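K.L.:
Pasting the sequence and the predicted coordinates here, then a few questions.
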2 protein chains.
Amino acid sequence: MENVVIVRYSEISLKGNNRIVFEKKLIDNIKDCLKKNNVKYEKIDRLRGRIIIFAEQELNCLKYVFGISSFSHALVIEPEIKEIEKTVSKLIENKKFRSFRVSAQRLNKNFPLTSPEIEREIGSFVCKKFNKKVSLKDFDLEIGIEILDYAYVFIKKIKGFNGLPVGVEGKVVSLIEDENSLLASLLMMKRGCFVIPVSLKKTNIGLIRKFAYGFEPELIIIKNIKELDEISKENNAKAVVVGQTLESFKELELKAMVLRPLIGLDKKIIKEFSNYFS
Amino acid sequence: MENVVIVRYSEISLKGNNRIVFEKKLIDNIKDCLKKNNVKYEKIDRLRGRIIIFAEQELNCLKYVFGISSFSHALVIEPEIKEIEKTVSKLIENKKFRSFRVSAQRLNKNFPLTSPEIEREIGSFVCKKFNKKVSLKDFDLEIGIEILDYAYVFIKKIKGFNGLPVGVEGKVVSLIEDENSLLASLLMMKRGCFVIPVSLKKTNIGLIRKFAYGFEPELIIIKNIKELDEISKENNAKAVVVGQTLESFKELELKAMVLRPLIGLDKKIIKEFSNYFS
């Protein structure tokens, strides 16, 4: 029995060859995240659409790695139903709950029971042993079981921000002028872009740093907007990103392409996105 | 007692001089909507942050006029509490409901009762006369009362799409290539832009027409992308809008500025927006 973290990622752009690029980049960014947060880990495995991190510590920092849809601190055991029962007992014996459900996913089809069969088996085991009620909709506790090479048992799924791992798309230079520019940068990072933050004055880029795994954002101070062209060229960046909305719209005399991710959004939606990331 | 429709609009961009431009354009677009849907109306008034349409018919078409936050079919009466009681009786006598609430808004401060006082007064009147229960949270029926020049009584608020009235911002040429382009066009319309739809082939622009009040979208067929520059110039358009995401990104060799409203959005959010409009 070992402690691991099981990481799930969005399947949305995992078509064809991109899948490997996506997964490798995601693992790189996870390693960067663990390093920056001083987390010791034994190894990282990739199997059947999951990334498994062998670590004892709580890894809440993973929440801010774009590309991750969710993760769980889990116990790994032999894929046998008796072992699963023992582990479930161990995990829930000190938990207070009245109703529960079991959610199983058999990703390795060699396991003899199907997902609904695992759910029924473990469900009735917990009912009898702990005298609790199953409730599929209105439960206090969810017991998660995923069968990969081994069985992984957990009771909590922490949500990530989804999106693509930072770095699978090209680099962009991001002109930081206000809060909207930070949001525009985050949206581009979530779509897989490295962001090079640039500003006319000293500015707090904490919100970018919060999600900056796989790259090191260092604010570049410029004297005039035209310098954006040089910086784009030097860094081989695809475009310059700005936080302009239609209300704050202005033309920028640049050779580089200018992207305005907020141009079609209402203030209300911009506020919702900002709250979401902060 | 007269039938009217009371229209509410987003207050969000009603600062300073823009307010009048916004309101006039919204009224123009409402008139266009009524004309296109063969609705006869007596007159349209604008007062205290509301637009009042004197019409007998149901006006569901208003739902698709950008800038409207909500509207209600209401009865207009003298602003006296006895009159309001009579009108409320008339409106609810054939309705089936167990619980109700009263929501009052006194926009004209000359009326002697405050909003909470109106709510209490009418609430207790309905309780006694109809033997029903008040419930502020879990109600079957909401009785709305707004006091402007007269009193307006209604039992239904129909939600609009908010945004700005089409036309308060400049014109844009929109390259229609796929569903995403239609969505990009709608987002720009909702931010107040006239859209000139252009395509390389015959395409259904029904989704644009659904919200096209205040202008007549006619699809222009072009033979090559370069023609977008001419069309922009001829129409004095500020930019060319495309539906590109980072996945479908391509550079366009145009002199005109290119806007990509979907560039920072996830597929999931794009899908949500599409569902929202269709």
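P.N.:
Noted; the coordinates are in hand. Residues are numbered from 1 along each chain as shown, chains lettered A, B, ... in the order given.

K.L.:
is it true that A:Pro165 touches A:Asp32?
P.N.:
No - here A:Pro165 does not reach A:Asp32: they are 10.5 Å apart, not a contact under CB atoms under 8 Å. Heads up, the C-betas are built off the backbone N, CA and C, glycines and all.

K.L.:
near chain B, which residues of the stretch 151-278 of chain A?
P.N.:
A:162-163, A:169, A:184, A:187-188, A:190-193, A:245-247, A:251, A:257-268 (CB under 8 Å from any CB of the partner chain).

K.L.:
overlap in contacts of A:Pro165 and A:Asp32?
P.N.:
A:Gly214 (CB atoms under 8 Å, 6 or more residues apart in numbering or on different chains).

K.L.:
Between the two, which is the more surrounded one?
P.N.:
A:Pro165 (27 against 18; other CB atoms under 10 Å in any protein chain shown).

K.L.:
what's the nearest residue to the more buried one if we skip its chain neighbours?
P.N.:
A:Gly67 (3.7 Å; CB to CB, 6 or more residues apart in numbering or on different chains).

K.L.:
The one you found: what's it in contact with?
P.N.:
A:9-10, A:22, A:25-26, A:29, A:160, A:162-166.

K.L.:
now those in TSV, with pLDDT and secondary structure?
P.N.:
As requested, these are exported to TSV (pLDDT from 0 to 100; DSSP: H, G, I helix; E, B strand; the rest coil):
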residue	pLDDT	secondary structure
A:Tyr9	94	strand
A:Ser10	82	coil
A:Phe22	91	helix
A:Lys25	94	helix
A:Leu26	96	helix
A:Asn29	97	helix
A:Gly160	96	coil
A:Asn162	93	coil
A:Gly163	93	coil
A:Leu164	92	coil
A:Pro165	94	coil
A:Val166	95	coil
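
K.L.:
What is the nearest of those to A:Ser89?
P.N.:
A:Gly160 (29.0 Å; CB to CB).

K.L.:
so how many other residues sit close to the closest one?
P.N.:
20.

K.L.:
residues contacting it?
P.N.:
Contacts of A:Gly160 (CB under 8 Å, 6+ apart): A:62-63, A:65-71.

K.L.:
who does the residue nearest to it when sequence neighbours are not counted bridge with?
P.N.:
Of all residues not flanking A:Gly160 in the chain, A:Ile68 sits nearest, at 3.5 Å (CB to CB, 6+ apart). A:Ile68 forms beta bridges with A:Tyr9, as assigned by DSSP bridges.

K.L.:
List phi and psi for the closest residue to A:Leu26 other than its chain neighbours.
P.N.:
Leaving aside its sequence neighbours, A:Leu26 sits nearest to A:Pro165 (CB to CB, 6+ apart; 4.2 Å). Phi and psi for A:Pro165, reported as degrees, to the nearest 10, are phi -60, psi 140.

K.L.:
Quickly note the distance from A:Pro165 to B:Ala151.
P.N.:
Going from A:Pro165 to B:Ala151 by CB to CB, to the nearest Å gives 59 Å.

K.L.:
all strands for chain A, in order.
P.N.:
A:2-9, A:44-47, A:50-53, A:68-77, A:99-106, A:133-134, A:141-147, A:151-154, A:158-159, A:171-175, A:194-199, A:220-221, A:239-241, A:258-259 (DSSP state E).

K.L.:
Quick check: pLDDT value at the closest residue to A:Glu85 other than its chain neighbours.
P.N.:
Among residues not flanking A:Glu85 along the chain, A:Phe125 sits closest, at 5.1 Å (CB to CB, 6+ apart). Confidence at A:Phe125, expressed as pLDDT, is 96.

K.L.:
residues in contact with A:Pro79?
P.N.:
A:108, A:111, A:147, A:149-151.

K.L.:
what's the closest of the strands of chain A to B:Lys233?
P.N.:
Per CB to CB, nearest to B:Lys233 of the strands of chain A: strand A:258-259, 19.9 Å.

K.L.:
which helices and strands sit right next to the closest one?
P.N.:
Applying 3 or more CB pairs under 8 Å, 6 or more residues apart in numbering or on different chains; DSSP states H and E, we find strand A:258-259 packed against strand A:239-241.

K.L.:
burial measure for the residue nearest to A:Glu85, as a count.
P.N.:
Count around A:Phe125 with other CB under 10 Å applied: 17.

K.L.:
again, but for A:Lys157
P.N.:
A:Lys157: 16 neighbours (other CB under 10 Å).

K.L.:
ok, what's across the strand from A:Phe154?
P.N.:
A:Gly144.

K.L.:
from memory it sits against A:Phe71, does it?
P.N.:
No - assessed by CB under 8 Å, A:Phe154 is found out of contact with A:Phe71, at 9.4 Å.

K.L.:
what residues are shared contacts of these two?
P.N.:
Between them, A:Phe154 and A:Phe71 share the contacting residues A:Ile6, judged by CB under 8 Å, 6+ apart.

K.L.:
The two: which has the busier surroundings?
P.N.:
Set A:Phe154 next to A:Phe71 and count neighbours by other CB under 10 Å: A:Phe71 wins out with 26 against 20.

K.L.:
That one: what's its closest spatial neighbour, skipping adjacent residues?
P.N.:
A:Val7 (4.6 Å).

K.L.:
just checking, the one you found touches A:Phe54?
P.N.:
No - A:Val7 is beyond contact range of A:Phe54, at 11.9 Å (criterion: CB under 8 Å).

K.L.:
Of the two, which one has the most company?
P.N.:
A:Val7 (24 against 14).

K.L.:
any low-confidence regions in the stretch 1-150 of chain A?
P.N.:
Applying pLDDT under 70 to the stretch 1-150 of chain A flags residues A:11-17.

K.L.:
can you put the strands of chain A in JSON lines and add distance to B:Ile143?
P.N.:
Below are the strands of chain A laid out as JSON lines (distance: least, CB to CB, whole Å):
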{"stretch": "strand A:2-9", "distance to B:Ile143": "48"}
{"stretch": "strand A:44-47", "distance to B:Ile143": "60"}
{"stretch": "strand A:50-53", "distance to B:Ile143": "54"}
{"stretch": "strand A:68-77", "distance to B:Ile143": "44"}
{"stretch": "strand A:99-106", "distance to B:Ile143": "39"}
{"stretch": "strand A:133-134", "distance to B:Ile143": "42"}
{"stretch": "strand A:141-147", "distance to B:Ile143": "42"}
{"stretch": "strand A:151-154", "distance to B:Ile143": "50"}
{"stretch": "strand A:158-159", "distance to B:Ile143": "40"}
{"stretch": "strand A:171-175", "distance to B:Ile143": "51"}
{"stretch": "strand A:194-199", "distance to B:Ile143": "52"}
{"stretch": "strand A:220-221", "distance to B:Ile143": "59"}
{"stretch": "strand A:239-241", "distance to B:Ile143": "49"}
{"stretch": "strand A:258-259", "distance to B:Ile143": "49"}
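
K.L.:
so how many other residues sit close to whatever residue of the stretch 51-200 of chain A ends up closest to chain B?
P.N.:
Across the stretch 51-200 of chain A, the shortest distance to chain B (CB to the nearest CB) belongs to A:Leu187, at 3.2 Å. By other CB under 10 Å, 25 other residues sit near A:Leu187.

K.L.:
tell me the contacts of the closest residue to it other than its chain neighbours?
P.N.:
Take A:Leu187 and drop its neighbours on the chain: the residue closest to it by CB to CB, 6+ apart is B:Gly264, 3.2 Å away. B:Gly264 is in contact with A:184, A:187-188, A:190-191, A:259, A:261-262, counting by CB under 8 Å, 6+ apart.

K.L.:
Walk me through the domains of chain A.
P.N.:
A:2-159, A:171-277 (automatic domain parsing).

K.L.:
now the end-to-end length of the longest one.
P.N.:
With CA to CA, to the nearest Å as the measure, domain A:2-159 spans 22 Å from end to end.

K.L.:
Please apply the same query to the last one.
P.N.:
Across domain A:171-277, the terminal residues are separated by 21 Å (CA to CA).

K.L.:
Quick check: the residue of the stretch 51-200 of chain A closest to chain B touching A:Phe273?
P.N.:
Yes - contact criterion CB under 8 Å: A:Leu187 and A:Phe273 qualify, at 7.3 Å.
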